[in-house]
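Asks: What would the 3D arrangement of this be:
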Amino acid sequence: MADGFRELRQLVDQHGRRKRKLRLSLTDRCNLRCAYCMPEHPQWLPRKELLTIEELAQMSRLFVQTLGITNIRLTGGEPTLRRGVDTLVGELQALRDSGLKRISMTSNATRLAELAQPLREAGLDDLNISIDARDPALFEKLTRGPLQPVLDGIAATRAAGIPFKLNAVVIRGYNDGEIEALAAWAFEQALELRFIEFMPLDNAQQWSRDRVVTEDEILARIGARFGRVEKLARGSDPATEYVIGGQHRLGIITTVSNPFCGSCDRVRLTATGELFPCLFSSQGTSLRELLGEGADDAAIAERIRTTVWKKESGFAAPRGYVERPITMHRLGG
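Replies: As a prediction, the model looks like this:
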C-alpha cells in the first residue's frame, strides 16, 4: 500500500496528533475487582447491549481500511471472558493486507493457561499482563482474586511464544512496598516490567496526588537496589523505557508526573460502540447508533473523524480528577 494513500487516511486531531492505535473493548466484565478500575459492586451490562463479534470485526475493518489504524489492542474488562475472542483475533488477520500491523491484548492472565495457545494460533502478536503485587496475600487484597492463576497464565503465555510485558499500577499505601519485589522477580525471570502511575480515573474517587508514586521515586528506589539507570529514547509508546544495571528492561508510564499527551496516537472504542478519543474524555460518541440505523462506512467514518478532531489535549491540561459517566472497566485500558 502506497505511503501517500495511507497518509491521506490518517486520523488527526486538532492538536496535530495522528491516530494509529485503536483500543477495542470486548466486554465490561472482569473476574477480578481492582479498586482503581471498577466499583465494589459492578453492574454488568446486558449482553444484548454489547457489540457482536461481527460488529467488532466490522468496526475494526473500518478503522483500518478507511481511517488508517495500524494497531489494534483488545481490552475489557477482561477480554478473555468474551466468548469468541480467538475467533475475532482470527478474523482480524484479514486486515493485515490493508495495513494492520499488530494485534495485541491487555489481560489479567487468569484465563491464559487455557487460551494462550489458541490466541497464538489465531494470530495474536503480543500481550500486556497486569500484576500489581508479587505477594499472594497482597495481590488478593488488591484484586479480590488469587495470584496463582495469573502466574499460570504468564507461564502459558511464555510457553505459547507470545511476547508480553507486565504492567503494575502503583498506589501509595496499597502496593508501593512491592516495587523492589516485583522488579526483582521480573528481572530474575527476564520479563519486561512497566510501572504505571496511579491515574485519577478510579470509580470510587480514591485518587489524590499524595497516592501517586512518581517516576522519580520509582527510579530512585530501583537504582538503589539494582544499579545504574539508563534512559532510552522515547517513542510514541506511553512508557518511558530504561535499562537497569546494564541488563534489565523497565518501563514507567508517567501520566501524572510527566504527561505524554503530546505524542498520543490512540483512540478507544467501548464494547457498546462508544468512541472515546482520550482516556480522560468526559463523554463518548455513539457509533453503534449509526450501525443500528444502517449507516454506510462513509457516514460512520465521518462521525469518527469529527469526534477525533475535537480530541482534548489530555491530562496535560486539566491535571485533576475526571468526572464522567463511564468507569475504567467499561472504557478499557
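
Asks: Which elements pack onto whichever strand or helix holds Asp152?
Replies: Assigned by DSSP states H and E, Asp152 belongs to helix 148-160. When contacts are defined as 3 or more C-beta pairs under 8 Å, 6 or more residues apart in numbering; DSSP states H and E, helix 148-160 sits against helix 112-122, strand 126-130, strand 164-170. Bear in mind the C-beta positions are built from the backbone N, C-alpha and C, glycine included.

Asks: Out of those, which is the most enclosed?
Replies: Across the helices and strands packed on helix 148-160, averaging neighbours per residue (mean count of other C-beta atoms under 10 Å) puts strand 164-170 on top, at a mean of 22.

Asks: which outside residues touch that one?
Replies: Applying C-beta atoms under 8 Å, 6 or more residues apart in numbering, the set of residues contacting strand 164-170 from outside is 34, 36, 106, 126-133, 154, 157-158, 175-176, 178-179, 182, 186, 191-198, 213, 218, 251.

Asks: try stretch 213-223
Replies: 170-172, 176, 179-180, 183, 195, 197-198, 229, 240, 242, 244, 250, 252, 254, 256-258.

Asks: now with 10 Å?
Replies: Stretch 213-223 is contacted from outside by 169-176, 179-180, 183-184, 187, 193, 195-198, 229, 231, 240, 242, 244-245, 248, 250, 252-254, 256-258, using C-beta atoms under 10 Å, 6 or more residues apart in numbering.

Asks: cool, and stretch 224-235?
Replies: So stretch 224-235 is contacted by 179-181, 183-184, 187, 218-220, 222-223, 239-251, 260, 263, 265 (C-beta under 10 Å, 6+ apart).

Asks: if we go to 8 Å?
Replies: 180, 183-184, 187, 219, 222-223, 240-246, 248, 260, 263.

Asks: so how far is that stretch off the chain centroid?
Replies: Chain-centre distance of stretch 224-235: 23 Å, with C-alpha atoms, centre = their mean, to the nearest Å.

Asks: what separates the residue nearest to Gln148 when sequence neighbours are not counted from Ile72, distance-wise?
Replies: In this structure, Gln148 finds its nearest non-sequential neighbour in Pro136, 7.5 Å apart by C-beta to C-beta, 6 or more residues apart in numbering. Separation of Pro136 from Ile72 (C-beta to C-beta, to the nearest Å): 33 Å.

Asks: do the same with Ile129
Replies: Separation of Ile129 from Ile72 (C-beta to C-beta): 18 Å.

Asks: one step back: which among the helices and strands packed on helix 148-160 is found nearest to Arg82?
Replies: Of all the helices and strands packed on helix 148-160, it is helix 112-122 that lies closest to Arg82, at 10.7 Å by C-beta to C-beta.

Asks: Which of the contacts of strand 164-170 are buried? Put it as a ChimeraX command.
Replies: The buried residues among these can be selected in ChimeraX (16 or more other C-beta atoms under 10 Å) with this line:
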select :34,36,106,127,128,129,130,131,132,133,154,157,158,175,176,178,179,182,186,191,192,193,194,195,196,197,198,213,218,251
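
Asks: burial of the residue lying closest to Asn258 once chain neighbours are set aside, as a residue count?
Replies: In space, and not counting its chain neighbours, Asn258 is closest to Glu215: 6.2 Å by C-beta to C-beta, 6+ apart. Applying other C-beta atoms under 10 Å, we find 18 residues neighbouring Glu215.
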